[in-house]
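**Student:** can you look at this prediction? I've put the sequence above it.
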Amino acid sequence: MHRKRKTSCGDVKGWLWGNPKFEIRNLCMGGRVGISHLYSMLASSLRRPFCGALLDYLRAPSHPTRHPSPARPRSHRQPSIISAGRAIVPLIFCGLLLTPLACGNGDGATGLRVDDGPVDRSLPDGVSAGGAVIDPSALLYDAAEFPRFDLEIGPDELAALEKKPRAYVPATFRYRNEVVHRVGVRLKGEYSFQPITGKAAFKFKFDEFVPGQRFRGLRRMTFNNSMEDPSHIAERLSYLVFRNAELPAPRANNATVYVNGEFYGVYVNVETEDEVFLARWFDSNEGNLYEELGQHWLPGNEEDFELETNKTINDRRDLTDLFAAVRDADDATFLEDVAHILDTEAYLRYCALEGIVNQWDGYAYSSYGPSNYRLYHDPSIGRFTLIPWGMDMSMNADFGVANIDLFAPKSPLLKRCLSGPSCTAVYRQVIAEEADRFEALEIAKVAEQAYDQIRGELYLDSRKGHTNDRCDEAFGEVHEFVRQRPVSVRSQL
C-alpha cells in the first residue's frame, strides 16, 4: 500500500549475497557480520550511475533457463556499460574490497546503509523473494532474534545524563563485533521515565556527533524500558498487527542492554520513526512528520504538533490545509470531503486496529485526549497517514478498558465520520476484515514464542520494577486477550 522502491547502490549488496556469478559467501572469512561490512564498502564506494547498471547485470540470468527478476523491466539489449563490463566486474569488485573509493554513497552517509530494494511484505522484513538479505538493519528487529547491545558511557557523560537526561552525550555503541563510536545517547519517557541509575529508556542518534554516521543504515534507535507493560511483549505484538495489515509501523523485538558491562535489563527494541523509516514505507520520505502533543485536528493547533522532519524550513501549511478540510467537511460525506488530503482507507484501518489491540492510550479511543501517534504528509500523493507509537499500554486493561467498543470512539473526527451511515458501513467492513486478519496471524502463538524467548533474562532483570510473578501474570493477560479478541470484536458487528 505504502511501499516504494527505486534502484540504489544499496540494492547491489543483497544481490551480491546470493548471486551465482560471484558466490561471495565463499569469498571471505569472518561470517555474515564481516561480509555485511564488506558489502557496505562496495555499496558506498560505487557511484550511483554505475550501480543501476551493475544491478542490471546482477539481475540478468546466468543461464537461459533461469528467469530474470520481475522487480525491474529489462530491455532486450544490455546497457553498454554492462556489455563492456561483464569480464571486469569481478575485478572491479575485488579491487574495491582492497581499496574502497572515497566517493561516498550520494547522501554523505557513512557506515552501513539501508537499502531501497524491493521487499516482499509476505516475507520477513528485509528478505527478498530470492532469500537475499537486502536491508542490513533487518536482523536487528527480527522476531527470532534476541539481540544484546552494549553501551560504554564515560563518568562525565553519566553525570551529564543525571543532570540533563534529555540532552545527548557521546557514547560507544556495540552490537556483536560491530562498534560505533561517538554515538549520541539520551534518556526518554514520560510516565515511564527512569533515571540513568534505574532502568532508563534510551534514544540514540548515530549522527549526533559524527555527521553522516550510520549503523546498519540507521540514523537512530530506540530502547523502551517497558515499565508500563510488565509482559514486555505487548508493544512489539501491537506493531506486528499494524504491519501485518500493511500499515506503516515500526519493526520491534526485545533486546538485552548492558551499560559499562552492567546488565540493565530486557528492553523493547523499537524502530525509530524518522526519514529512514519513512523511506521504507512511502514513495517520498521528504514530507513533514509530526508528533502529536495531545491536541485535536483543529485550525490554530498547528504549533501544538511537534515537527520531526524539515525543522529548519518549518512550513506547516500542509497541517493547516488538513485542519481546514476537517473543519469544512460535511459529516454525512466526511470520507469523500477529506479524501484529497487524508488517506481515508488507511485512517479507518488505523482506528480499527487501535481498537482491536485495545490501545486505549492512543488516537481514536483515548479518554485522556489523543496520544501516541505520528502524522506524516507524503508529498508524492499529498495526503496524510497516521503511524502508531507508544503502544506499551495496548493489549491490557491495567488502567483502561478491557475490550474497547470499536463503535464508541473518543476521537471527534471518528465520531463525526461514524455519525453517517456511509462511513459506519465502511468502518464495519474494515473491522470485519481486520478481525479476520488478526485471527489468521495466530498472535497467541506469537506471544508464547516471544515470552518464552525473553523469560529467562527477564527474571534476572532487577531493574524492571515488577516481580517475576507479575510479569508472568501480565503475559497471561496479554495471551488471553489476543486469544479471545477476534470473537469479542465480531460480537460488535
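**Tutor:** That came through, no problem.
**Student:** select the longest helix from the chain.
**Tutor:** Identified as the longest helix of the chain according to DSSP state H is helix 468-490.
**Student:** which strands or helices does it pack on?
**Tutor:** Packing partners of helix 468-490 (3 or more C-beta pairs under 8 Å, 6 or more residues apart in numbering; DSSP states H and E): helix 234-244, helix 344-356, helix 421-440, helix 443-460. Any C-beta I mention is one placed from the backbone N, CA and C, and that applies to glycine too.
**Student:** by how many degrees do that helix and helix 421-440 diverge?
**Tutor:** Interaxial angle, helix 468-490 versus helix 421-440 (axes from the mean of the first three to the mean of the last three C-alpha atoms, to 10 degrees): 130 degrees.
**Student:** give me the below-cutoff pLDDT ranges for the stretch 351-493 of the chain.
**Tutor:** 398-399 (pLDDT under 70).
**Student:** picking up where we left off before, to Asn372, which of the helices and strands packed on helix 468-490 lies closest?
**Tutor:** Nearest to Asn372, of all those, is helix 344-356, at 9.3 Å by C-beta to C-beta.
**Student:** how far is that closest one from where the chain is centred?
**Tutor:** Helix 344-356 sits 18 Å away from the centroid of its parent chain (C-alpha atoms, centre = their mean, to the nearest Å).
**Student:** just the buried residues of it, please?
**Tutor:** Residues 344, 346-356 are the ones in helix 344-356 that count as buried (16 or more other C-beta atoms under 10 Å).
**Student:** show me what the helix or strand following it is in contact with.
**Tutor:** As assigned by DSSP states H and E, the chain's next helix or strand after helix 344-356 is strand 373-378. Here strand 373-378 makes contact (C-beta atoms under 8 Å, 6 or more residues apart in numbering) with 2, 248, 273, 278, 282-284, 287-292, 305, 308, 318-319, 322, 362-363, 383-390.
**Student:** do the same with stretch 421-437
**Tutor:** 244-245, 332-335, 348-349, 351-353, 355-356, 406-407, 417-418, 486, 489-490, 492-493.
**Student:** stretch 283-291 too?
**Tutor:** For stretch 283-291, contacts defined as C-beta under 8 Å, 6+ apart pick out 2, 4, 273-276, 278-279, 305-310, 315-316, 318-319, 374-381, 389.
**Student:** in CSV: the helices and strands packed on helix 468-490, plus distance to Ala160.
**Tutor:** Below are the helices and strands packed on helix 468-490 laid out as CSV (distance: least, C-beta to C-beta, whole Å):
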stretch, distance to Ala160
helix 234-244, 28
helix 344-356, 37
helix 421-440, 44
helix 443-460, 29
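**Student:** for Met395, find the nearest of the ones you listed.
**Tutor:** The nearest among the helices and strands packed on helix 468-490, by C-beta to C-beta, is helix 234-244 at 4.2 Å.
**Student:** and the contacts of that closest one?
**Tutor:** Outside helix 234-244, the residues touching it (C-beta under 8 Å, 6+ apart) are 125, 143, 224, 226, 229, 248-254, 268, 270, 350, 353, 356-357, 359, 388, 391-396, 437-438, 441, 443, 446-447, 450, 478, 482.
**Student:** so Phe215 touches Gly184, yeah?
**Tutor:** No: judged on C-beta atoms under 8 Å, Phe215 makes no contact with Gly184 at a distance of 11.7 Å.
**Student:** what touches both of these two?
**Tutor:** Taking C-beta under 8 Å, 6+ apart as the criterion, Phe215 and Gly184 both touch Phe206.
**Student:** pull up the gap between Ile356 and Val482, please.
**Tutor:** Separation of Ile356 from Val482 (C-beta to C-beta, to the nearest Å): 10 Å.
**Student:** and Gln213, by the same measure?
**Tutor:** Taking C-beta to C-beta, one finds Gln213 at 39 Å from Val482.
**Student:** counting by contacts, list what the one helix or strand Asp318 maps to packs against.
**Tutor:** Here Asp318 sits within helix 317-328, counting by DSSP H and E. Under the contact criterion of 3+ C-beta pairs under 8 Å, 6+ apart, helix 317-328 touches helix 334-338, strand 373-378.
**Student:** just the CA coordinates for the first one, please, in PDB.
**Tutor:** Taking only C-alpha atoms (Å, rounded to 0.1, in the frame of the first residue of the first chain), the coordinates of helix 334-338 have been written out as PDB:
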ATOM      1  CA  PHE A 334     -16.900  13.100   5.700                       C
ATOM      2  CA  LEU A 335     -14.800  10.500   3.900                       C
ATOM      3  CA  GLU A 336     -15.300  12.000   0.500                       C
ATOM      4  CA  ASP A 337     -14.700  15.600   1.700                       C
ATOM      5  CA  VAL A 338     -11.300  14.900   3.300                       C
END
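**Student:** now it: buried residues?
**Tutor:** Quick answer for helix 334-338 (16+ other C-beta under 10 Å): 334-335, 337-338.
**Student:** are any of the contacts of strand 373-378 buried, and if so which?
**Tutor:** 2, 248, 273, 278, 282-283, 287-290, 292, 305, 308, 318-319, 322, 362-363, 383-390.
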